[in-house]
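>>> Any chance you can model this:
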Amino acid sequence: NKSMEARADLYHQDYMGWQGAWTFHYKGSDFKAQGEEAFSPPSQSQMLAFAWLEEKHFGDVLVQLGARIEQVTLDADDSLIGFPEHEEDDHEEHEAEGHEEHGQQIVAFEQQSFTPISTSVGLVWDYQTGYNLGFSAALSQRAPSAGELFSFGPHIGTNAFEVGAMFELHQEGDEIHVELAEKPPEVETSFNLDLTWRKFDGDFGFVISAFYNRIDDYYYQQDSGLFFNDEHDHAVALGQAESNQEEGLPILVYQQDDVSMYGMEAQFVYQLSAKVKTTLIGDVIHAKLDNGGYLPRIPPMRLGAIINYQEDSFDSELSISHYFQQNNVAALETSTEAYTMLDAHLNYYLSGIGDDLVVYVKGQNLTDEHARVHSSFLKEVAPLSGRNFSIGIRGS
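Take a look at the predicted model:
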């Protein structure tokens, strides 16, 4: 991925109490994935953006305004797509021809152009010494990435066969066919509301936030129920894979749907003494499709506690985090069991040798919990590490 990026921020002088800046931002990239692991055709993308930010205090209230407009273009090289037809008695002939005439086709992509526009307004009210309330509302648009549009191939990072939003899959008998999607890709459009309450003075502080996001044409990867068999270069349905005991990569398809997300997060900090600090954290998110069902790979609710102890020459931390069971799952997605992680570390600082030289000892998953991360594409094959320890030294 060869990219070039340039950005300039131009600040203006104070004008009637308003302070702000204009931003010019350019980014261009030339992406190529080569060899058998090429899950997306070569593509070129360019983004040119202009943004304007302003803020002003009105007594105890800080008003923040923002706007941004972009011009995004995406262009992909011609690509061979489709699953070769699987015929046992003609398999050698298929391999000799490279499958180009048996279920596959060359596709010439048209250049995709998007003009996302975003605006926001925010208020921060210092209603009392050491406290404030924050509120923000935003209309935000995002152009899709080249991978979300043009992907068609096995992606080793997600252990899946990824199909971009430019394509549609449909099944005819025992064959899986791929075609260009009739509906053109759209920008994501998000309506966001955030409310935050903070206390930042004294020995006890907190930050409590709630949010609601309504996203139209949200891009996400949905399990199609199909599997790609890389040994025979063909696709089979879920039932066929089970009956034939075939193994392969699940086929995930990028698609767009309207989504509603809402949730909360909180952090409470208490300085017990000059040396001891405790922290409680928690967060939860719900993400549902407007046409029914849940989004895939949504993190479960989490609660945690951290205690820190600090001396002149060393500091230490003990943390515990509980991740609840996730049963709000999408179609063809499995639930994930709850787990609790206990971690600790100790840092000892060496004075007189360089800058910030520290010897550390770290222990993770001290209870040797069997834990799987629901938001991971590799949940079923790669659980978190078991009990492990490390010792090291770092500095400059």
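
>>> Next, count neighbours for T158.
Applying other Cβ atoms under 10 Å, we find 16 residues neighbouring T158. For the C-beta atoms, the positions are set from N, CA and C on the backbone; glycine is no exception.

>>> and the helix or strand hosting Q44, how far from the chain's centre?
Taking DSSP states H and E as the definition, Q44 sits inside strand 43-58. Chain-centre distance of strand 43-58: 21 Å, with Cα atoms, centre = their mean, to the nearest Å.

>>> Return the set of buried residues in that strand.
S43, Q44, S45, Q46, M47, A49, A51, L53, E54, E55, K56 (16 or more other Cβ atoms under 10 Å).

>>> quick one: contacts for the second one?
Applying Cβ atoms under 8 Å, 6 or more residues apart in numbering, one finds that Q44 lies in contact with G28, S29, D30, F31, L74, D75, A76.

>>> Show me just the buried residues among those.
S29, F31, L74, D75, A76.

>>> pull the longest strand from the chain.
strand 204-229 (DSSP state E).

>>> got TSV for the contacts of Q44, with pLDDT and secondary structure too?
Listed next are the contacts of Q44 as TSV, based on pLDDT from 0 to 100; DSSP: H, G, I helix; E, B strand; the rest coil:
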residue	pLDDT	secondary structure
G28	97	strand
S29	95	strand
D30	95	strand
F31	91	strand
L74	96	strand
D75	95	strand
A76	93	strand
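
>>> In those residues, find the pair that's most separated.
Greatest spatial distance among the contacts of Q44 (Cβ to Cβ): G28 and A76, at 14.7 Å.

>>> on that earlier part again, tell me which strands the strand holding Q44 pairs with, and in which orientation.
Strands adjacent to strand 43-58 in the sheet, as given by DSSP bridges, are strand 19-31 (antiparallel), strand 61-76 (antiparallel).

>>> moving C-terminal of the lowest-mean-pLDDT helix or strand in the chain, what's the next helix or strand?
Lowest by mean pLDDT, DSSP states H and E among the helices and strands of the chain is helix 91-97, with a mean of 40. Next along the chain after helix 91-97, taking DSSP H and E as the criterion, comes strand 105-107.

>>> Mind checking the pLDDT average for that following strand?
Per-residue pLDDT over strand 105-107 has a mean of 84.

>>> packing partners for that strand?
If contacts are counted by 3 or more Cβ pairs under 8 Å, 6 or more residues apart in numbering; DSSP states H and E, strand 105-107 sits against strand 79-81.

>>> Swap in 10 Å and give it another go.
Where contact means 3 or more Cβ pairs under 10 Å, 6 or more residues apart in numbering; DSSP states H and E, strand 105-107 is packed against strand 79-81, strand 175-180.

>>> circling back to that earlier point, buried residues in the longest strand of the chain?
Those buried within strand 204-229 under the rule 16+ other Cβ under 10 Å are 205, 207, 209, 211, 213-224, 226-229.

>>> the inter-axis angle of it versus strand 175-180?
120 degrees (axes from the mean of the first three to the mean of the last three Cα atoms, to 10 degrees).

>>> Direction included, what does strand 204-229 pair up with?
Sheet partners by DSSP bridges: for strand 204-229, these are strand 188-199 (antiparallel), strand 234-237 (antiparallel), strand 249-271 (antiparallel).

>>> what would those strands look like in CSV with mean neighbour count and mean pLDDT?
CSV is the format used below for the strands paired with strand 204-229 (neighbours: other Cβ atoms under 10 Å; pLDDT from 0 to 100):
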stretch, mean neighbour count, mean pLDDT
strand 188-199, 16, 98
strand 234-237, 22, 67
strand 249-271, 18, 95
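
>>> Could you point out which of the ones you listed sits nearest F161?
That would be strand 249-271 among the strands paired with strand 204-229, by Cβ to Cβ, at 4.4 Å.

>>> just how off-centre is that closest one within its chain?
9 Å.

>>> Also stretch 146-159?
Taking mean C-alpha positions (Cα atoms, centre = their mean), stretch 146-159 and its chain are 15 Å apart.

>>> May I have the distance across it, first residue to last?
19 Å (Cα to Cα, to the nearest Å).

>>> From G130, how far off is Y212?
27 Å (Cβ to Cβ, to the nearest Å).

>>> Could you do V358 as well?
33 Å.

>>> So which of those two has more stuff around it?
V358 (15 against 12).

>>> which other helices and strands contact the helix or strand where the more buried one lies?
Taking DSSP H and E as the criterion, V358 maps to strand 357-364. In this structure, strand 357-364 makes packing contacts with strand 314-323, strand 339-350, strand 388-394, judged by 3+ Cβ pairs under 10 Å, 6+ apart.

>>> Dump those into TSV; add distance to E70 and mean neighbour count as well.
Conversion of the helices and strands packed on strand 357-364 to TSV gives the following (distance: least, Cβ to Cβ, whole Å; neighbours: other Cβ atoms under 10 Å):
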stretch	distance to E70	mean neighbour count
strand 314-323	36	16
strand 339-350	39	16
strand 388-394	40	10
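
>>> okay, these in a markdown table with mean pLDDT and distance to G20 next?
Below are those laid out as a markdown table (pLDDT from 0 to 100; distance: least, Cβ to Cβ, whole Å):
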| stretch | mean pLDDT | distance to G20 |
| --- | --- | --- |
| strand 314-323 | 97 | 40 |
| strand 339-350 | 96 | 41 |
| strand 388-394 | 96 | 40 |
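
>>> Please name whichever of those strands is nearest to A6.
Once those are compared by Cβ to Cβ, strand 388-394 is nearest, at 33.7 Å.
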